[in-house]
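Enquirer: After the sequence you'll find the predicted model.
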Amino acid sequence: MENYLRHCWYMAGWADEVGPAGLVRQILGKPVYLYRLVDGTVAAILDRCPHRFAPLSKGTREGDRLVCGYHGLAFGPDGHCVRNPFADRIPAGADIPTFAVIEQEGIVWLWGGDKDAADPALVPAFPFVPDAPGWRTVHGYTLMQANYQYGTDNLMDLSHIEFVHKGTFAGQGVIFAGQHQVTQDGDTLHSDWWMPGIALPSVAQGHMPPDAVVDHWLEMRWNAPATMRLNIGVCPHGEPRETGFEVPQAHILTPANEHETHYFWSSSRTNDVDSAEVDNILRQLFGEAFDLEDKPMIEAAYANVRGKDFWGEKPVALGIDQGGTRARRLLESLIARESGNG
């Protein structure tokens, strides 16, 4: 059974996913029902009635109460059973676990451990996600048939763009002209690429003259368990970064269970902010890049070792993959520290 980090926030979904019908999502191996209370705030409860285990999400609502569609037990957002239609007495053991949730910057976060220990100060910051004047973000989601740490390996080792993304982002050899370094600041890891004096990469097409010589950077920030921010930037060669442009992206992975992962992504821009056409182009591009390029490769690799210990399979090190390797080691140490074994 997977041993998860508990004292942290996991992304449960985009805020706009939690509509009138709520949202059912498996998180850390548990079925979770996310729904909005009358005042608009998000609540989260185990999606399982304690009587005969029917999903509460398939029942009805009475204000903030959830009514099981199987036998009519009603529950408040605190998980307490408040009505038994067959008797005045509430059966022992009829309460349901609930989860601490926070909605911030267009993201719904769920605390992985005891809700009374939830610390709002630890919610990861993604201030660029919400739209603002002159600023536009598109976002998406997909379910990956692989353990979440294999997704981290992929994102912390961006050298794969040269081989995996030939149909979309196309590295065009820029990685081989670059310098890579992994640094650690407390419990934060940075896996950064710096590529000075190169021809215009595909990400800058249309933003600069086609014959421009530029400096290009890819900077990935990782925080446990698998919350990542990527800054993609380009500027004229030798000039300050501020003379170019930077695209911030969110890449956040949440374990559904040991073998499946929720992958959430976003990308922000300052150009064509009112263009629905550009929105659609970006959604299609990212959809193709992950669903048709990254995802099949990660899933196939994971299928080769599914159920086996990663280190026990003796993965070969290439150097450029140390971002993912160090993220795995750091996560292991944080889990051990949390459980009192580190």
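Expert: Done, it's in.
Enquirer: quick one: average pLDDT of stretch 291-311?
Expert: The average pLDDT within stretch 291-311 is 93.
Enquirer: List the neighbours of that stretch that are in contact with it.
Expert: 142, 144-147, 149-151, 154, 160, 164-165, 167-168, 259, 313, 328 (CB atoms under 8 Å, 6 or more residues apart in numbering). (C-beta placed from N, C-alpha, C; glycine too.)
Enquirer: How far does it stretch from one end to the other?
Expert: 27 Å (CA to CA, to the nearest Å).
Enquirer: now do stretch 58-78
Expert: Stretch 58-78 end-to-end distance (CA to CA) = 19 Å.
Enquirer: hmm, back to that, so which of the contacts of stretch 291-311 are in helices?
Expert: Within the contacts of stretch 291-311, residues falling in helices by DSSP state H are 149-151, 154, 164, 328.
Enquirer: mind checking which helix or strand of the protein has the lowest mean pLDDT?
Expert: helix 161-164 (a mean of 80; mean pLDDT, DSSP states H and E).
Enquirer: And that helix, what does it pack against?
Expert: Helix 161-164 sits against no helix or strand, with contacts defined as 3 or more CB pairs under 8 Å, 6 or more residues apart in numbering; DSSP states H and E.
Enquirer: Off-centre distance for that helix?
Expert: 22 Å (CA atoms, centre = their mean, to the nearest Å).
Enquirer: Go ahead and list the helix or strand containing F53.
Expert: Assigned by DSSP states H and E, F53 belongs to no helix or strand.
Enquirer: Tell me, how many residues neighbour it?
Expert: Counted with other CB atoms under 10 Å, residues neighbouring F53 total 11.
Enquirer: do the same with S339
Expert: For S339, using other CB under 10 Å, the count is 11.
Enquirer: which ones are touching it?
Expert: Neighbouring residues of S339 by CB under 8 Å, 6+ apart: N3.
Enquirer: mind running it again at 7 Å?
Expert: Listed by CB atoms under 7 Å, 6 or more residues apart in numbering, S339 has no contact partners.
Enquirer: of the contacts of stretch 291-311, buried ones?
Expert: Among the contacts of stretch 291-311, those buried by neighbour count (16 or more other CB atoms under 10 Å) are 144-147, 149-151, 154, 160, 164-165, 168, 259, 328.
Enquirer: Would you mind giving those as JSON lines with distance to G197 added?
Expert: Listed next are those as JSON lines, based on distance: CB to CB, whole Å:
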{"residue": "M144", "distance to G197": "36"}
{"residue": "Q145", "distance to G197": "41"}
{"residue": "A146", "distance to G197": "37"}
{"residue": "N147", "distance to G197": "39"}
{"residue": "Q149", "distance to G197": "35"}
{"residue": "Y150", "distance to G197": "34"}
{"residue": "G151", "distance to G197": "32"}
{"residue": "N154", "distance to G197": "28"}
{"residue": "H160", "distance to G197": "23"}
{"residue": "V164", "distance to G197": "25"}
{"residue": "H165", "distance to G197": "22"}
{"residue": "T168", "distance to G197": "24"}
{"residue": "H259", "distance to G197": "44"}
{"residue": "R328", "distance to G197": "33"}
